[in-house]
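Participant: below: sequence and its predicted model.
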Amino acid sequence: MQSWFLKSPAQRPLFAVLVSALFVLALCCLLSLLFGAGGLTPQASLQTLFGNGSPDDEFTVFHLRSTRTLIGLFVGLTLGIAGALMQAVARNPLAEPGLLGVSAGSSFAVAMALVMGASTATLTVGIAQLGALIGCICVLGAARMQGQHNDPIRLVLAGAALSSLLLAMTSLILLFDQRAADEIRFWVTGSVAGRDTHTLMSVLPSMLVAAACVLYTAKPLASLALGERVAIGLGHKPRRIRGIIIIAVALLVGGATAIAGPVAFIGLVVPFAARALVGPDIRRTLWLCLPLGPIIVISADIISRLVAQPTEMPLGVLTAIVGAPVLLLIVRSRRLPTL
Amino acid sequence: MINQSLSMPDTPTSNTSPNGYRLVSIGQHAQILIEKEAIVRNTWLLLVLFFASIITLGSGTMAISPKEVVDVLLGQGDTMNQFVVKDLRLPRLLAAIYTGAAFSLAGCLMQTMARNRLATPGIIGIDNAAMAFAVSSIVGMSVSLAPSFMALAGAATATALAFGLAGGSGTRGYRFIVAGIGIGAIAGAVTQLLLSQVSIDVANSAYPWTVGSLSARDPFMVNTLSIGIAICVIGCLLFSRQFALLPFSDQVITGLGANIKHIRILALILCITLTGLAVAVAGPVGLVALVGPEIARVLSRYRGIPLISSALTGALVMMLSDLFGRTVLSPIELPVGIVTAVIGGPYLIWILVRRSSRSSL
Amino acid sequence: MTFNRPSFKKILLCAGLAASFTTFAAEHTVSTKYGNVKVNDEVKRVVTLSEDALDSAIALGFKPLAAVATRGGDSVAEYIQDRVGNISIVGTSRQNNLEAIVAQRPDLILASATLSQDQYNILSKIAPTVVPKSPGIVTGSWETIAHVYADALNKTDEMDVILADIEKRASALKNKITTKLPQNERSATLARWMPQGPVVMSSQIFAPDILASVGFEINDAGVVKEGRPHSSPLSLENLSKVDNDWLFLATLNNEGNAALEAAKTSPSFSRLNVVKENHVMTVNGQLWTSAAGPLAAHAILDTIETVIDKKMN
């Protein structure tokens, strides 16, 4: 048992890895409650946690920091799972909602909504999810294009092209509305600060739907990883599975984007790390993505609070800077692993 | 689809040319293989470009008839028209033609090399990095260089980084492309960060650099670009025979006795020089690189690699896009980058949604 | 492209002047960001390419032929709308339409201090173009800029009178405020509310400058970096830094109250003392964060007067 970490990833006991990951996650959450951009020191925060703090301190720890930790938890969870699903369905380790234009789709929808009069404070989730779905459908086209060639780069190129198109369209609609342009400037950098728990409640129903989709498709997905023919042979319907996954990804990414803005590369880094820990089987990685996503988002958020006091660094910038090297790492690995 | 010039590398010094081609010797060693049909095609394109230019010079808030435009160009006409045509529209037109040609030529090269219609220099991050640098110059991050120079520096930095990180061009430049996408993502995030740090007025003055615009461009950069394009076009002509090999598999090229690495690196260098210079003039107008070569391929009926035609169609697309942007919502100008995105967008989606077989080159 | 530019300029000038009944008048020199510019003493056809230039020109009794649209609108800012008459719009705060400017045949162009060299090179061929040297973000910079525009319009003395008027009005208001509010209840902040935190405006830009001149003690919480007009969104944990006696909350649209309600849904905002005491004032962002100039100063003073009447009894 002691040497389980030395085994090859695919042989490691999932349970042990999962427990360790959960332990790290708990640690991250604790740190997230202790550190902040304000004047409250970690020691004082710890005391507040044990009930010996002023009302102001309590507000900071129990309201501000705990809320954003919760939001970080949620965003990490959804984006990590969405990334894993997307990579499984595209059989491509580079498939990531951000790279494939899904986030750009929801950004576009949000910009549209802002122009129509919404403000970032009162943004509705449905709009972002709709945008994500449109992005996903375009990616579905790209996935079809990928078809027999199974060339991972092609899909990424399609996504990059789609993203750049959606960005330009966003610029176009913002051209006519300066108020929206001014607001979206702050929104597009991504952040988990200042969001309210009730926004979490508003995305909950769609998240339950997404969770149901994931549970329903986990097994067929694993067989799909062995190839279309195998999946059909086992009695699954690849087309339908893909459709369901696309909807789940749209719901997940749309929900996360509506709350936190576009947060790049989480969907790339999380499944990558999960595969490195427990091997390529989607039934194992999906489990591990659950704690890994929040770990990465929350630690990025802690850093974002600390590097630019008394203001904060936007989360999306930080994750882009962390995530891009992982992208390179994946590409540089001698042979692009096909899923 | 199979190019007749395939047989050429076997006999590089032969003076015979295949059907439909003409071999032009320059000096003792250099020879250019020119497709006869391409000459006809490109002459037509040049003519169209010329007449479109006359119309463009005459259109705008102040309408000037084609005859008056010609008068002005010959040094006559009234002073007002002289100013509008020569000082306002002509520099802008030239900037459009040069940048369009550069983007499109670079796009054609990179698409051919990666055998993918979507592989354009704009998509792989060069544009984004140039944008980030230009914006940083405008929002005053303690640098005082003009935005266009910063854009050039940005393009160069991105390329160097992508090359360094990818460890060379890799197969079909794939690693390079993905490294570029990653760098582009970081550059995009940094741009957003910069824009969120400054007042909306400063963000506004950086705006043309985030979408691509041809209004009041730096004349020095435009001139530099024109020289760069001239050199690169000559380069493309000289090496057209080698570039013709780009679409084939490594084994075929090596079998034909050519050094695949050198050809790829040469193509990549041309690509990046063109894109870097064009971005320094106009900002990110990447979708021209997608649309221009496509039109050229249709015109050439998918035979060979229509490098020169791509440059001409790119120039045409850029010019007409800018004309459209200038006139459609007057007095408000639509930046050319947005117009090309709106034109290129539906086409892009069409490529994405279409079945696979024809989307590869 | 080698035709004779000076002679062309004269012809343009002629075209402009022919409309009025003036012949060639004397010229004076204005010192600008891009060197000294010779301007006719009696200009008739003025085009303004920034909000503060438009404001100054109108305050001095000129009717500019054309201006740029204010941020967030397709015409000039609301506070000045009924004074501009039938003005043409020749661009946005992002981009000018050069041809539309030429079509106005101006004899003077007043541009913003942030105009780029490239733009200047072209504009200066159309007409003498005055780009004020940016004094940077310091107290009273708007007055310096207004003086440059007045110099270009050859009305420096009039501008002195106008600015003195504003000062007089401000100090009268200051008396009123200082008698009503004790010394320790006059701290104020100008900010915009973003969901992830407030964006605090520097104490040294236009509107806070005016606020200070009427006796408020502007506190930008020390979070606005030197030479910056505003801060990045402040972390919610540091909200106590903006919790002064007064909070002026700027919105870019007219629905100030809606914006206030939206901000109040954030518990970190609604628990501020200044909010509890109902000392939050929503103000029009077009005027308070975008405009500058004598007329804007008067408009802001108007708002402050209303505020005093409403909130300080």
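Facilitator: Sure, I can see it.
Participant: excluding chain neighbours, what is closest to B:Tyr347?
Facilitator: Excluding its sequence neighbours, the residue lying closest to B:Tyr347 (C-beta to C-beta, 6 or more residues apart in numbering or on different chains) is B:Val291, at 6.1 Å. Heads up, the C-betas are built off the backbone N, CA and C, glycines and all.
Participant: quick one, what contacts the one you found?
Facilitator: Neighbouring residues of B:Val291 by C-beta atoms under 8 Å, 6 or more residues apart in numbering or on different chains: B:Ser104, B:Gly314, B:Val317, B:Thr340, B:Ile343, B:Gly344, B:Tyr347.
Participant: for ChimeraX, what selects the buried ones among those residues?
Facilitator: Only the buried entries of those go into this ChimeraX selection, using 16 or more other C-beta atoms under 10 Å in any protein chain shown:
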select /B:104,314,317,340,343,344
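Participant: count the residues that sit near the closest residue to C:Phe62 other than its chain neighbours.
Facilitator: The shortest distance from C:Phe62 to any non-neighbouring residue, by C-beta to C-beta, 6+ apart, is to C:Val46 (5.4 Å). By other C-beta atoms under 10 Å in any protein chain shown, the residues close to C:Val46 number 27.
Participant: any idea what C:Val46 is bridged to?
Facilitator: C:Leu108 (DSSP bridges).
Participant: show me the contacts for it.
Facilitator: With contact taken as C-beta under 8 Å, 6+ apart, C:Val46 is in contact with C:Ala57, C:Phe62, C:Pro64, C:Leu65, C:Pro106, C:Asp107, C:Leu108, C:Ile109, C:Leu110, C:Leu153.
Participant: quick one: the residues you listed as TSV, columns for neighbour count and pLDDT too.
Facilitator: Formatted as TSV, the contacts of C:Val46 follow (neighbours: other C-beta atoms under 10 Å in any protein chain shown; pLDDT from 0 to 100):
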residue	neighbour count	pLDDT
C:Ala57	28	93
C:Phe62	20	90
C:Pro64	24	91
C:Leu65	22	91
C:Pro106	27	91
C:Asp107	26	90
C:Leu108	27	92
C:Ile109	29	93
C:Leu110	28	93
C:Leu153	25	92
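Participant: which ones among those residues lie within helices?
Facilitator: Using DSSP state H, the members of the contacts of C:Val46 that fall in helices are C:Ala57.
Participant: ok, so of the contacts of C:Val46, who is nearest C:Asp302?
Facilitator: Nearest to C:Asp302 among the contacts of C:Val46 is C:Ala57, at 20.4 Å by C-beta to C-beta.
Participant: isn't the closest one right next to C:Ala152, touching?
Facilitator: No. With contact defined as C-beta atoms under 8 Å, C:Ala57 does not reach C:Ala152; the gap is 9.1 Å.
Participant: does the helix or strand where A:Ala160 lies come close to chain B?
Facilitator: Assigned by DSSP states H and E, A:Ala160 belongs to helix A:152-175. Yes. Using C-beta under 8 Å from any C-beta of the partner chain, helix A:152-175 reaches chain B at A:153-154, A:156-158, A:160-162, A:164-165, A:168-169, A:171-172, A:175.
Participant: wait, which of those residues is closest to chain C?
Facilitator: Taking C-beta to the nearest C-beta as the measure, chain C sits nearest to A:Leu175 out of these, at 7.9 Å.
Participant: residues near C:Asp243, how many?
Facilitator: Residues near C:Asp243, counting by other C-beta under 10 Å: 17.
Participant: residues contacting it?
Facilitator: C:Asp243 makes contact with C:Leu272, C:Asn273, C:Val274, according to C-beta under 8 Å, 6+ apart.
Participant: closest to A:Leu200 among these?
Facilitator: C:Leu272 (23.8 Å).
Participant: dihedrals phi and psi, that closest one?
Facilitator: Main-chain torsions, C:Leu272, degrees, to the nearest 10: phi -70, psi 140.
Participant: that one reaches C:Leu239, doesn't it?
Facilitator: Yes. Contact criterion C-beta under 8 Å: C:Leu272 and C:Leu239 qualify, at 6.3 Å.
Participant: with neighbour numbers in mind, choose between the two.
Facilitator: Applying other C-beta under 10 Å to C:Leu272 and C:Leu239 shows that C:Leu239 carries more neighbours, namely 22 against 19.
Participant: please tell me how far the more buried one sits from C:Leu249.
Facilitator: 13 Å (C-beta to C-beta, to the nearest Å).
Participant: ok, B:Ser104 next?
Facilitator: 49 Å.
Participant: same deal with C:Val274?
Facilitator: C:Val274 is 10 Å from C:Leu249, where distance means C-beta to C-beta.
Participant: mutual contacts of the two, please.
Facilitator: Common contact partners of C:Val274 and C:Leu249 (C-beta under 8 Å, 6+ apart): C:Val280.
Participant: and B:Lys36, how many residues sit next to it?
Facilitator: 12.
Participant: next: A:Ser304.
Facilitator: By the measure other C-beta under 10 Å, the count of residues near A:Ser304 is 23.
Participant: and for C:Ser116?
Facilitator: As a burial measure, C:Ser116 scores 16 neighbours (other C-beta under 10 Å).
Participant: can you give me the strands in the stretch 101-250 of chain C?
Facilitator: Ranges of strands in the stretch 101-250 of chain C, per DSSP state E, counting those that start in this stretch, are C:108-110, C:129-130, C:187-194, C:197-200, C:217-218, C:246-251.
Participant: least reliable of the ones you listed by average pLDDT, please.
Facilitator: Mean pLDDT is lowest for strand C:197-200 out of the strands of the stretch 101-250 of chain C, coming in at a mean of 79.
Participant: next, give phi and psi for the residue in chain B that chain A sits nearest to.
Facilitator: Of all residues in chain B, B:Ala341 sits closest to chain A, at 3.1 Å by C-beta to the nearest C-beta. With angles defined as degrees, to the nearest 10, B:Ala341 sits at phi -70, psi -40.
Participant: pLDDT score assigned to the closest residue to it other than its chain neighbours?
Facilitator: The spatial neighbour of B:Ala341 that comes closest, neighbours along the chain excluded (C-beta to C-beta, 6+ apart), is A:Ala168 at 3.1 Å. If you check A:Ala168, the pLDDT there is 77.
Participant: go on, the one 3 residues further on?
Facilitator: If you check A:Ser171, the pLDDT there is 77.
Participant: thought it was touching B:Pro208?
Facilitator: No. Counting by C-beta under 8 Å, A:Ser171 stays clear of B:Pro208, with 10.8 Å between them.
Participant: so the two - more neighbours on which side?
Facilitator: Between A:Ser171 and B:Pro208, B:Pro208 has the larger neighbour count (other C-beta under 10 Å), namely 25 against 19.
Participant: show me the contacts for the residue of chain B closest to chain A.
Facilitator: By C-beta under 8 Å, 6+ apart, the residues touching B:Ala341 are A:Ser164, A:Leu165, A:Ala168, A:Met169, A:Ser171, A:Leu172, B:Leu287.
Participant: could you dump these to TSV with distance to B:Leu270?
Facilitator: Below are the contacts of B:Ala341 laid out as TSV (distance: C-beta to C-beta, whole Å):
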residue	distance to B:Leu270
A:Ser164	22
A:Leu165	26
A:Ala168	26
A:Met169	31
A:Ser171	29
A:Leu172	31
B:Leu287	20
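Participant: no more questions from me, cheers.
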